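# could you look at this predicted model? Sequence included:
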Amino acid sequence: MYEIARRHLGKVVAGAAMAVTGTAVAVAISLPGSAGANGAAGPTGAAGVAGTAGAAGTATGNGSGGATGQGQAGITAEGSAEAGGQAAGSAPPPATVAPAAAEGQKGVGSDPLTDDELTRAEQLALTPPAAAAQENVEGGRGPQHLGTVLADPLPGDASRRAEVRFYDYAKDELVTRTVNLGTGKVERSAAQRGVQPSAHPEELREALELILASPLGKGVKEDYEDATGKPLTSTEQLWFNGDVYRPYREAKVPAQLKECGKHRCVRLVTKVLNGAWIDTRNIIVDLSARTVTRVG
């Protein structure tokens, strides 16, 4: 009788142990990946379940068996399911803007001139010693740069060329030079008088400097102070734009401006930065003679 009772009790204990083990395995497999065995949230189901399996394997002394067997089962069962859940329910990762392609030193075909080509073209066009005898808008040595554009290609020649335009205030001449960006040579050069292309921003700034330094600048300064309550002491305080003054468009041209056309003359529009307009349209600056005249 004692033997029968001992065997029955052993079966009950063994059954209970198997039930506990099965429950532990089921919990390990069914736990969400975001709750790892170490109490920390895992980034994915695989990381969380692998942590549980590794911990179980180490604690039971099965080492590699726990990490490999239970860990792989957890990744297969939960990892893929959770990844699918994130794809369906979570917001997509933020979009990223690809960086602009780096500008090469040389363009190809009819591509716009690169920054390096623009710099190289201007340097090539300033051929000494002629450039040393020319003057810019401030009266300094060297001509005033007006602009650089890609020259039209020659038939059967793929070389890239640039057309560089300068204004020589010493002679009141527009100087145009065509440079071959491949060979570095100036292939053509021409000088014209009485031709006045659009004004460069450096010329417009010099014109504004001359206005503010002249007696006519008093009215501009007063208008600025009325609008802002502050004195006008620098061109940096104004927004300005303008272009070449064309005397043939005027009904009456003052005697001081009769040379405009041969001389480089400009008219400005100005305003307070982010503020009111200041009327300077009736003020003409002869940059060649460095004079300021009112019209109208």
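It's in. Since this is a predicted model, take the numbers as computed values, not measurements.
# name the element Leu210 belongs to?
Leu210 is part of helix 201-213 when elements are defined by DSSP states H and E.
# which SS class is the nearest residue to Asp279 once chain neighbours are set aside?
Nearest residue to Asp279, sequence neighbours excluded (Cβ to Cβ, 6 or more residues apart in numbering): Asp223, at 7.6 Å. Any C-beta I mention is one placed from the backbone N, CA and C, and that applies to glycine too. For Asp223, the assignment made with DSSP: H, G, I helix; E, B strand; the rest coil gives helix.
# count of neighbours near Asp223?
Other residues within reach of Asp223, judged by other Cβ atoms under 10 Å, total 18.
# my guess is it meets Ile278, correct?
Yes. Asp223 sits in contact with Ile278 when judged by Cβ atoms under 8 Å, with a separation of 4.7 Å.
# strands along the stretch 51-200 of the chain, start to end?
Read by DSSP state E, counting those that start in this stretch, the stretch 51-200 of the chain holds these strands, from start to end of the chain: 144-150, 161-168, 173-180, 186-192.
# list the neighbouring strands of the second one plus their orientation.
So that's strand 161-168. The partner list of strand 161-168 in its sheet, established with DSSP bridges, is strand 144-150 (antiparallel), strand 173-180 (antiparallel).
# C-alpha coordinates for the longest one, PDB please?
What follows is strand 173-180 as a C-alpha-only set of coordinates in PDB (Å, rounded to 0.1, in the frame of the first residue of the first chain):
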ATOM      1  CA  GLU A 173      35.000 101.900 -72.500                       C
ATOM      2  CA  LEU A 174      33.100  98.600 -72.400                       C
ATOM      3  CA  VAL A 175      35.700  95.800 -72.700                       C
ATOM      4  CA  THR A 176      34.600  92.300 -73.800                       C
ATOM      5  CA  ARG A 177      37.000  89.400 -73.700                       C
ATOM      6  CA  THR A 178      36.400  85.800 -74.700                       C
ATOM      7  CA  VAL A 179      38.600  83.300 -72.900                       C
ATOM      8  CA  ASN A 180      39.100  79.600 -73.700                       C
END
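# next one, pLDDT for Ala132 please.
You'll see Ala132 listed with a pLDDT of 83.
# how about it, nearest residue that isn't a chain neighbour?
Taking Cβ to Cβ, 6+ apart as the measure, Ala132 lies nearest to Arg141, with 5.9 Å between them; neighbours along the chain are not counted.
# right, and the one you found touches Pro128 too?
No. When contacts are counted by Cβ under 8 Å, Arg141 is not listed as touching Pro128 (10.8 Å).
# so which of the two has more stuff around it?
Residue environment comparison for Arg141 versus Pro128 gives the larger neighbour count to Arg141, 11 against 8, counting by other Cβ under 10 Å.
# for the more buried one, give the beta-bridge partners.
Bridge pairing for Arg141 (DSSP bridges) gives the partners Glu135.
# any idea how far the closest residue in space to Val149 that isn't next to it in sequence is from Glu203?
Residue nearest to Val149 in three dimensions, not counting chain neighbours: Glu163, with 5.3 Å by Cβ to Cβ, 6+ apart. For Glu163, the distance to Glu203 under the criterion Cβ to Cβ, to the nearest Å works out to 19 Å.
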